[in-house]
Structures are given as C-alpha cells and as structure tokens.
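Enquirer: What follows is a predicted protein model with its sequence.
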Amino acid sequence: MSDAAAHPLSAKKALLAALLIDAEADRRAGDGDVLAFRAGLAERSEALALVFAVAGRELELVTEAVEVPLADYPKLSEADFMVSLYNQHSVQRVRIARGEQRWDVHAVLREAVDELSQS
C-alpha cells in the first residue's frame, strides 16, 4: 500500500494494491463461504466494495487532472507543486471511475485496508 501511495501516478501499483487487498479478503474468509464473506464486507464498506470492483475489472482506474485547493498546497511534494503551478492548480492522479463518479484510489485503498484489518 505504501508503495502505491509513494507513486501517485502509477495505476499499475494501485491495481496491485487492490489485488492484494482482494486476495486478503478471500484468505480471511477461511473455510467459510468466500462469496458470502466478501458480500458482507462490501455491504459494510464502500471502500472494500470499490476495491473488489477494481480487482474484478468492473470499475476502471483512470489518470486525470485533479484541481488542488490552495489550502492543500503545503501537502504537495515539490514536484507536484511545480506541476500545479504550470497546470492551473491541478496535478495528475489515479482515480477509480464509475461513469461520472470519481474516487481517489489511494484514499480508497487506505480505507479498505483499515476496514479489512478490523474484520
């Protein structure tokens, strides 16, 4: 997960993190009904439902420009800060896409890991 977060433009690393979370959910089901266990997790957690959908190729990862609010500038890396200056306060990010809806893939992955660790 930290490797994916360290590379915010790598859809490959984000997908790998999603696949590992998906596999861990299967492992935690043990000898029980894997599909029922996963359905229960997805029902309780939007983040896990999104990760399962990305891993199952039902949702896609897209790289697109995201506007950075001025208040968030101190959180940007130096490279992202320089990019945003030349791109109308926006940076490229990998996001989960469903139609017009978008989710920050790294926030979803973090939440999914947290949810899975509590189950």
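Expert: Cool, the structure landed. Note that the structure is predicted; figures quoted are calculated from it, not measured.

Enquirer: What segments of the protein are helices?
Expert: Ranges of helices in the chain, per DSSP state H, are 2-6, 11-28, 34-44, 46-55, 78-86, 105-118.

Enquirer: list the helices and strands the last one packs on?
Expert: The reference is to helix 105-118. Secondary structure elements in contact with helix 105-118, counted by 3 or more CB pairs under 8 Å, 6 or more residues apart in numbering; DSSP states H and E, are helix 2-6, helix 11-28, helix 34-44, helix 46-55, strand 90-98. All C-beta spots, glycine's among them, are computed from the backbone N, C-alpha and C.

Enquirer: how about these in TSV, adding mean neighbour count?
Expert: Shown next, in TSV, are the helices and strands packed on helix 105-118 (neighbours: other CB atoms under 10 Å):
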stretch	mean neighbour count
helix 2-6	14
helix 11-28	17
helix 34-44	14
helix 46-55	22
strand 90-98	18
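
Enquirer: Between these, which one is closest to Pro69.
Expert: Comparison of those against Pro69 by CB to CB identifies strand 90-98 as nearest, at 10.7 Å.

Enquirer: relative to helix 46-55, how tilted is the closest one?
Expert: Put simply, strand 90-98 runs at 80 degrees to helix 46-55, going by axes from the mean of the first three to the mean of the last three CA atoms, to 10 degrees.

Enquirer: wait, what's in contact with Leu116?
Expert: Leu116 makes contact with Ile21, Glu24, Ala25, Arg28, Leu41, Leu48 under the criterion CB atoms under 8 Å, 6 or more residues apart in numbering.

Enquirer: and the gap between the fifth one and Val66?
Expert: Going back to what we said before, that points to Leu41. Separation of Leu41 from Val66 (CB to CB, to the nearest Å): 28 Å.

Enquirer: Same question for the third one.
Expert: Going from Ala25 to Val66 by CB to CB gives 28 Å.
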